[in-house]
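*Asks:* Next comes the sequence, and after it the predicted model I'd like to discuss.
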Amino acid sequence: MFLDLGSGNTRKPMHKVKKAIIPAAGLGTRFLPATKTVPKEMLTIVDAPIIFYVVEEAIRAGIEDIVLIQGRGKTAIEDFFDTSYELEDKLQKDGKIHLFERLVKIREMANIISVRQKQPLGLGHAVLCGEKVVGRDPFAVLLGDEIMVSRAGEPTTTEILASHFNSTQSSTVAVMQVSDQEVSKYGIADVIPLKESLFKVKGFIEKPKPHQTTSRWALPGRYVFTSEIFSLLKSSTPGVLGEIQLTDSMNELAKKADFFAATFSSERHDAGDKFGYLKANIEIGLRHPELQVELKNYLIQIAKKLEQQ
């Protein structure tokens, strides 16, 4: 316990977010046949798999332990963050030190812990699978097919959420505004503005029709929770398809404790969607130092051809 010497009152210890869960057990049916043998999270954005960008964001937020929730046939993700003796040895012998150093950086990024989700019972169940590793600590959840790219000098989305949690010790989720046509694609947060970029959450609703809510604040797949969410997930009633919805337990938690939502400035890509995946490759490619000029010129040429058609 920490002692407040000024008032004589004891305070609860302040916990920091050092653990994260990345659900990556989905079958990737939207990318078949490519994902028949390759996990969706291992599809490449320019020169690194989707999961790399997600883990990199977590690391920048100070996360030390990352729990990958995986299904059968996803061992390629574990292998990516493991040592590759033969490849690393060859790169060193060939003098390709920059590539060698990048591989070493990847495997030393964090403690990667793999947990098997034996049945695809929804996002809530996937998060619950990480309880034995997370324990009673606060933790972040980063969806494995959502990429958040922050500009130089700006905090990542997970950094923003972790910072809010460190100050409030309360669950905090990322929100973004969406159009009426997009409401039914997301979980939606009903919020009360507190100050610029920060809201108090009244409740959540999963993929509502536009007329079912006045809120247009959607959940793009970045969360920080207290461990209390686990007990609510355990008692949650499965839906029609037998899945445990994360938003149901979030809704219950918002009724019992302070719950906040924060906006972010990162560029967000839904890499689990074909069009979103293509856009991510183009936009991240336009930032790549080796590709940006050539790719920009190519896109200009393509645009001119389309104008002439």
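*Replies:* Yep, that arrived.
*Asks:* Okay, strands next: where are they in the stretch 201-309 of the chain?
*Replies:* All strands of the stretch 201-309 of the chain, identified by DSSP state E, counting those that start in this stretch, fall at 217-218, 222-225, 259-262, 267-270.
*Asks:* Just name the most buried of those.
*Replies:* Sort the strands of the stretch 201-309 of the chain by mean neighbour count, taking mean count of other Cβ atoms under 10 Å, and strand 222-225 sits at the top with a mean of 27. No exception for glycine: its C-beta is placed from N, CA and C like everyone else's.
*Asks:* Contacts for that one next, please.
*Replies:* Strand 222-225 is contacted by residues 17, 138-143, 146, 148, 157-158, 161-162, 164-165, 171-174, 246, 250, 253, 264 when judged by Cβ atoms under 8 Å, 6 or more residues apart in numbering.
*Asks:* any chance of the strands of the stretch 201-309 of the chain in a markdown table, plus mean pLDDT and distance to Pro208?
*Replies:* Below are the strands of the stretch 201-309 of the chain laid out as a markdown table (pLDDT from 0 to 100; distance: least, Cβ to Cβ, whole Å):
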| stretch | mean pLDDT | distance to Pro208 |
| --- | --- | --- |
| strand 217-218 | 93 | 10 |
| strand 222-225 | 95 | 19 |
| strand 259-262 | 94 | 16 |
| strand 267-270 | 90 | 19 |
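*Asks:* do you know which of those strands lies nearest Gly130?
*Replies:* For the strands of the stretch 201-309 of the chain, proximity to Gly130 was assessed by Cβ to Cβ; strand 222-225 is nearest, at 10.6 Å.
*Asks:* Pull up the pairing partners for that closest one, direction included.
*Replies:* Paired neighbours of strand 222-225 in the sheet (DSSP bridges): strand 139-142 (antiparallel), strand 171-174 (antiparallel).
*Asks:* contacts for the last one?
*Replies:* What it means is strand 171-174. The contact list for strand 171-174 (Cβ under 8 Å, 6+ apart) reads 157, 160-161, 164-165, 189, 201, 219-226, 228-229, 250, 253, 257-264.
*Asks:* what's downstream of it, the next helix or strand?
*Replies:* Later in the chain than strand 171-174, the nearest helix or strand by DSSP states H and E is strand 176-177.
*Asks:* who does that following strand pair up with?
*Replies:* Strand 176-177 is paired, per DSSP bridges, with strand 217-218 (antiparallel).
*Asks:* Check the offset of the strand it pairs with from the chain's centre.
*Replies:* 16 Å (Cα atoms, centre = their mean, to the nearest Å).
*Asks:* And the contacts of that strand?
*Replies:* Contacts of strand 217-218 (Cβ under 8 Å, 6+ apart): 175-178, 182-183, 185-191, 199, 261.
*Asks:* Domains in this structure, by residue range?
*Replies:* Per automatic domain parsing, the domain ranges recorded for the chain read 2-267, 273-309.
*Asks:* quick one: buried residues of the shortest one?
*Replies:* Right, the one you point to is domain 273-309. Of all the residues in domain 273-309, those buried under the rule 16 or more other Cβ atoms under 10 Å are 276-277, 280-281, 284-285, 295.
*Asks:* Nearest to Ala76 among those residues?
*Replies:* Closest to Ala76, out of all of the buried residues of domain 273-309 and judged by Cβ to Cβ, is Tyr277, at 17.6 Å.
*Asks:* circling back to that earlier point, I only care about the contacts of strand 171-174 that end up buried; give me the PyMOL line for that.
*Replies:* Applying 16+ other Cβ under 10 Å to the contacts of strand 171-174, the buried members can be selected in PyMOL as follows:
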select buried, resi 157+160+161+164+165+189+201+219+220+221+222+223+224+225+226+228+229+250+253+259+260+261+262+264
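*Asks:* Just name the most buried of the domains of the chain.
*Replies:* Each of the domains of the chain was scored by mean neighbour count; the highest is domain 2-267, a mean of 17, by mean count of other Cβ under 10 Å.
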